[in-house]
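Novice: What shape does this take:
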Amino acid sequence: MHKKRVPAGRQKKIIDKFSTVSILVVGDVIIDQYLWGDVLRISPEAPVPVVNVISETFGLGGAANVVQNLKSIAAHPQIVALRGTDANGAVLMNLFRQQDCPAEGIAVSESRPTTIKTRIMARHQQIVRADREIDDPLSRKETALLWNNIRTILPKVDGVIVSDYGKGVVSRLLIRRLVEQCRKDRIHIAVDPKERHFELYKRVDMITPNLREAHAALGIPYRHCTIEEVRALGWKLMSKLKPSSLLITLSEQGMALFESRKKKFTHLPTAAVKVFDVTGAGDTVISTYAAATAAGATPLEAAWIANNAAGLTVAEPGTACVTPQELIEACKKSQRRQN
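Specialist: Residues are numbered from 1 along each chain as shown. Have a look, this model is predicted:
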């Protein structure tokens, strides 16, 4: 097992270069809708709480949250995704405008709705979630629309993130074309995976599954693992999918990095001082890792910085983003704790 820290000067140099890199995100955009209220009584119609809704908020979720994370750390994101012709499609585009995030690569589907997840919250406790979505494979027309947008944007970026939320955008034909083009153009491609699509991710540059997804990729029942068991699991996954690098997120145990070229395993203990909410932590990890790689970081340097970014986001409720200065300070504090 290797343990190594990134010198403070090197950390800052990489993070400062985030503002010079452009990253294309390809994946499933989602609207996160929250209905906030309080429970005062039980319904006379059924044994369920009645939530008195006080306010309503909308946010960017799924691949859109990856774009938001990239924007927050000062990188320049682009997005290729699908939305519907419905009113929620207009809501999505307005959310992108509010965040000053480019959305020209979002194509319009005539056959599927804009994906929206509605959470009903009572005093910060989620009561129920309702999803409106179609996760069928892309049609030929939808694939062509997305591929045309990718071909337009790809020459302008320094890296690609595939953000797979299982809503249809990540399809066999589209990802095969994308991986082939990235390898041809020597553009780094990182994948935040979904359990059912692992066969699509062979020979990409980086895959960032959590521990449960890593088990699923190998057809193994999920269970908590020691670090030595994670090491064995990771090398099996590396052998199966043959990525250049693999970064398994381990919740309170941190992260495990596997590098094929160096045949090297590194365990990075968690940088989180407290854990409030892990929602969106995977988006933070892959966005920071991809930006750091495009800024010239090695896999270990990129993973170390991403680990510290994740440590910040899990300390906040909901999906949270970090700024470059917050990340620089977090890296400094993490290093002092490990000295």
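Novice: quick one: the helices in the stretch 51-200 of the chain?
Specialist: Along the stretch 51-200 of the chain, counting by DSSP state H, counting those that start in this stretch, helices occupy 63-72, 87-98, 140-153, 172-185.
Novice: could you dump these to CSV with mean neighbour count and mean pLDDT?
Specialist: The C-beta positions use only the backbone N, C-alpha and C, and glycine is treated the same way. Conversion of the helices of the stretch 51-200 of the chain to CSV gives the following (neighbours: other C-beta atoms under 10 Å; pLDDT from 0 to 100):
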stretch, mean neighbour count, mean pLDDT
helix 63-72, 27, 95
helix 87-98, 16, 97
helix 140-153, 17, 96
helix 172-185, 16, 94
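Novice: can I get those helices in JSON lines with distance to E110?
Specialist: Shown next, in JSON lines, are the helices of the stretch 51-200 of the chain (distance: least, C-beta to C-beta, whole Å):
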{"stretch": "helix 63-72", "distance to E110": "20"}
{"stretch": "helix 87-98", "distance to E110": "11"}
{"stretch": "helix 140-153", "distance to E110": "8"}
{"stretch": "helix 172-185", "distance to E110": "18"}
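Novice: looking at those, which is closest to I328?
Specialist: The closest approach between I328 and any of the helices of the stretch 51-200 of the chain, judged by C-beta to C-beta, belongs to helix 63-72 at 13.6 Å.
Novice: who does the closest one touch, helix- and strand-wise?
Specialist: Contact here means 3 or more C-beta pairs under 8 Å, 6 or more residues apart in numbering; DSSP states H and E; on that basis helix 63-72 packs against strand 22-27, strand 29-42, strand 49-62, strand 76-83, helix 87-98, strand 159-163, helix 281-294.
Novice: chain center to the first one: distance?
Specialist: Which is strand 22-27. The chain centre lies 11 Å from the centre of strand 22-27; the measure is C-alpha atoms, centre = their mean, to the nearest Å.
Novice: follow-up on the earlier one: will you turn the helices and strands packed on helix 63-72 into JSON lines that also has distance to L200?
Specialist: Converted to JSON lines, the helices and strands packed on helix 63-72 look like this (distance: least, C-beta to C-beta, whole Å):
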{"stretch": "strand 22-27", "distance to L200": "12"}
{"stretch": "strand 29-42", "distance to L200": "19"}
{"stretch": "strand 49-62", "distance to L200": "17"}
{"stretch": "strand 76-83", "distance to L200": "16"}
{"stretch": "helix 87-98", "distance to L200": "25"}
{"stretch": "strand 159-163", "distance to L200": "9"}
{"stretch": "helix 281-294", "distance to L200": "16"}
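Novice: So which of the ones you listed is nearest T152?
Specialist: Checking the helices and strands packed on helix 63-72 against T152 by C-beta to C-beta gives strand 76-83 as the closest, at 9.1 Å.
Novice: Now do that closest one: distance to the chain's middle.
Specialist: Once both centres are worked out by C-alpha atoms, centre = their mean, strand 76-83 turns out to sit 13 Å from its chain's centre.
Novice: Show me what it is packed up against.
Specialist: Strand 76-83 packs on strand 22-27, strand 29-42, helix 63-72, helix 87-98, strand 106-108, helix 140-153, going by 3+ C-beta pairs under 8 Å, 6+ apart.
Novice: Looking at those, spot the one closest to N308.
Specialist: Among the helices and strands packed on strand 76-83, the nearest to N308 by C-beta to C-beta is helix 63-72 (13.7 Å).
Novice: Need the residues that contact that closest one.
Specialist: In this structure, residues lying in contact with helix 63-72 by C-beta atoms under 8 Å, 6 or more residues apart in numbering are 23, 25-32, 59-60, 76-77, 79, 81, 92, 95-96, 99-101, 161, 163, 165, 169, 192, 280, 283-284, 286-288, 290-291, 319, 321-323.
Novice: ok, now how distant is R223 from E229?
Specialist: Between R223 and E229 the distance, using C-beta to C-beta, to the nearest Å, works out to 9 Å.
Novice: swap that for E110, sorry
Specialist: Taken as C-beta to C-beta, the span from E110 to E229 is 48 Å.
Novice: Who has more neighbours out of these two?
Specialist: E229 (12 against 9; other C-beta atoms under 10 Å).
Novice: Could you tell me the per-residue confidence at the more buried one?
Specialist: Each residue has a pLDDT score; the one for E229 is 95.
Novice: cool, T118 as well?
Specialist: For T118, the model assigns a pLDDT of 97.
Novice: Pull out the buried positions in the helix or strand encompassing K333.
Specialist: With elements delineated by DSSP states H and E, K333 resides in helix 324-338, which encompasses its position. Taking 16 or more other C-beta atoms under 10 Å as the basis for neighbour counts, the residues of helix 324-338 that come out buried are P324, L327, I328, A330, C331, S334, Q335.
Novice: what does stretch 219-238 give?
Specialist: Neighbour counts over stretch 219-238 (16+ other C-beta under 10 Å) mark C225, V230, R231, L233, G234, L237, M238 as buried.
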